[in-house]
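Colleague: Got a predicted model here, sequence first, then my questions.
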Amino acid sequence: MSTDTITLPPAADMHVHLRDGPMMETVVPLIRHGGVATVFVMPNLLPPITSVPSALAYHQKLTSLSSTTTFLMSLYLSPSITPSVISEAASTGIIHGVKSYPKGLTTNSDAGVVSYEAYYPVFSAMEEHGLVLNLHGESPSSPTTTILNAEETFLPTLVDLHRRFPKLRIVLEHCTTAAAVETVKSLGPTVAATITAHHLYLTIDHWSDSPHCYCKPVAKLPSDRAALIAAATSGDPRFFLGTDSAPHPKHAKQGAEKVAAGVFTQPYAVQLVAEVFDNEGKLDKLQGFLCDYGRAFYQTKERGLEKESGEKIMLRRGCAKVQKEIVNGDVVVVPFRAGEETWGLEWVKA
């Protein structure tokens, strides 16, 4: 399938970082620009979102900035998350998952997990109440583990958690390796994976040259990228969009003593993915990956979670360019593939 114009339902992006303060005010209005109507929001603020009241307060802030977007909220896995907190979270109808970060491995993860065993009662409660476990699937660095094999060494943990809690819905977030793809495919229907837009483009060579391509987990080998593209375009409902769009100020990406990890794709989420699917001759699989599979896994229709806008998105081949910078007052952010040609996108009545 190849066409210059594609009309789709609004996309669902099941892994976004929307930050707080001026950065939040900058990026939240750009969700719609990327063709997305529903987002699953990460909780790694400073301080992290570790209670139901803080998640609800954050939800209120986000909704005030984009009333047409559906924000699915999450909690940050930490000792304060107990089975009773899970029960309370599930009752809100707003909080739909708990995100696990390995301690110290990525942005704002100092309060992250060292051992999962202590959280088995929490996972059991999540299984009972229907909350999703969202895993940043990397092992901490060690004498034998680096950023290049951290995901692969984590995979036995994913397999073990699924074995212990077979009814618990688990998402391996932002998978980057062929090994991760094969592991997810080998497990049951309660295990899925998000794939980012940028990992469909990047390999290790890109982030070794450009700070704007550096993220955690890092992009790997060309063979890993090929496996991600194959999974994304396969029509397998266990793989769906989660951009992991992670904005940082320009000064934190360029010239900083330590480069911030994160790639900012939110304003062009759908457009970037469409280009990859087009290159693969798989535009007929685009709606599933962008719009259908993530919603099905999170059961948005059954649970009545989304706002009905009566709109669709229309994509037009090669009629737009990615902005070189996005500026809002003192906030300056550089988007992925800045200055390059991309698909145009507009919202139309259904």
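Modeller: Happy to help now that I have it. It should be emphasised that the depicted structure is a prediction, and the values quoted were computed from it without experimental measurement. Residues are numbered from 1 along each chain as shown.
Colleague: residues touching the closest residue to Val332 other than its chain neighbours, list them.
Modeller: Nearest residue to Val332 in three dimensions, chain neighbours excluded: Lys250, at 4.4 Å (Cβ to Cβ, 6 or more residues apart in numbering). The C-beta positions use only the backbone N, C-alpha and C, and glycine is treated the same way. Contact analysis of Lys250 by Cβ atoms under 8 Å, 6 or more residues apart in numbering lists 325, 332-334.
Colleague: now Val28: how far from Pro249?
Modeller: Per Cβ to Cβ, to the nearest Å, Val28 is found 16 Å from Pro249.
Colleague: roughly how far apart are the residue lying farthest from the centre of the chain and Asn149?
Modeller: The centre of the chain is farthest from one residue, Pro143, which by Cα atoms, centre = their mean lies 29.1 Å away. Distance from Pro143 to Asn149, counting by Cβ to Cβ: 12 Å.
Colleague: what residues are shared contacts of the two?
Modeller: Here Pro143 and Asn149 have no joint contacts, going by Cβ under 8 Å, 6+ apart.
Colleague: For the stretch 251-350 of the chain, just list every one of the helices.
Modeller: 269-279, 286-287, 293-298 (DSSP state H, counting those that start in this stretch).
Colleague: now for those helices, which one comes closest to Ile86?
Modeller: helix 293-298 (16.4 Å; Cβ to Cβ).
Colleague: what's in contact with the closest one?
Modeller: 12-14, 38, 40, 72, 96, 132, 169, 171, 192, 194, 237-242, 301, 305-306.
Colleague: quick one on the thing from earlier: if you count surrounding residues, which of Val28 and Pro249 has more?
Modeller: Taking neighbours as other Cβ atoms under 10 Å, Val28 and Pro249 compare with Val28 leading, 23 against 17.
Colleague: show me the residues around that one that make contact.
Modeller: 18, 62, 65-66, 69.
Colleague: list the contacts for the spatially closest residue to it that is not a sequence neighbour?
Modeller: Leaving out its chain neighbours, the residue that sits closest to Val28 by Cβ to Cβ, 6+ apart is Leu65, at 4.2 Å. The contact partners of Leu65, taken as Cβ under 8 Å, 6+ apart, are 24-25, 28-29.
Colleague: show me where pLDDT drops low in the protein?
Modeller: Along the chain, segments meeting pLDDT under 70 span 1-2, 104-112.
Colleague: Tell me the gap between the strand ranked longest in it and the middle of its chain.
Modeller: Longest strand of the chain, by residue count under DSSP state E: strand 311-321. Here strand 311-321 is found 22 Å from its chain centre; the criterion is Cα atoms, centre = their mean, to the nearest Å.
Colleague: Same question for the helix or strand that contains Lys185: list its buried residues.
Modeller: According to DSSP states H and E, Lys185 maps onto helix 178-186. In terms of neighbour count (16 or more other Cβ atoms under 10 Å), helix 178-186 has its buried residues at 178-181, 183-184.
Colleague: Output stretch 212-230 as CSV - backbone C-alpha positions only.
Modeller: Extracted in CSV, the C-alpha atoms of stretch 212-230 (Å, rounded to 0.1, in the frame of the first residue of the first chain):
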residue,chain,number,x,y,z
HIS,A,212,19.9,14.9,20.2
CYS,A,213,19.9,11.2,19.4
TYR,A,214,21.0,10.1,22.9
CYS,A,215,18.4,8.4,25.1
LYS,A,216,18.1,5.6,27.5
PRO,A,217,17.9,2.8,26.5
VAL,A,218,20.4,3.7,23.8
ALA,A,219,19.8,2.7,20.2
LYS,A,220,21.7,-0.5,19.3
LEU,A,221,22.9,-2.3,16.1
PRO,A,222,21.4,-2.1,12.6
SER,A,223,20.1,-5.6,13.1
ASP,A,224,18.3,-4.5,16.2
ARG,A,225,16.7,-1.6,14.4
ALA,A,226,15.6,-4.0,11.6
ALA,A,227,13.9,-6.2,14.2
LEU,A,228,12.1,-3.3,15.7
ILE,A,229,10.8,-2.2,12.3
ALA,A,230,9.7,-5.7,11.5
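Colleague: I'd like the next helix or strand past whichever strand or helix holds Leu75.
Modeller: According to DSSP H and E, Leu75 maps onto strand 70-76. The helix or strand immediately downstream of strand 70-76 is helix 83-92, counting by DSSP H and E.
Colleague: Grab the CA positions of that following helix and hand them over as CSV.
Modeller: In CSV, the C-alpha atoms belonging to helix 83-92 read as follows (Å, rounded to 0.1, in the frame of the first residue of the first chain):
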residue,chain,number,x,y,z
PRO,A,83,-1.5,-3.0,47.8
SER,A,84,-3.9,-0.5,49.5
VAL,A,85,-2.5,2.3,47.3
ILE,A,86,-3.1,0.1,44.2
SER,A,87,-6.7,-0.4,45.3
GLU,A,88,-7.1,3.3,45.7
ALA,A,89,-5.5,4.1,42.4
ALA,A,90,-7.7,1.6,40.5
SER,A,91,-10.8,3.2,42.0
THR,A,92,-10.0,6.6,40.4
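Colleague: tell me which strands and helices it is in contact with?
Modeller: helix 52-65, strand 95-100, helix 120-129 (3 or more Cβ pairs under 8 Å, 6 or more residues apart in numbering; DSSP states H and E).
Colleague: Other residues contacting that helix?
Modeller: By Cβ under 8 Å, 6+ apart, helix 83-92 touches 51-52, 55-56, 75, 95, 98, 121-122, 124-126, 129-131.
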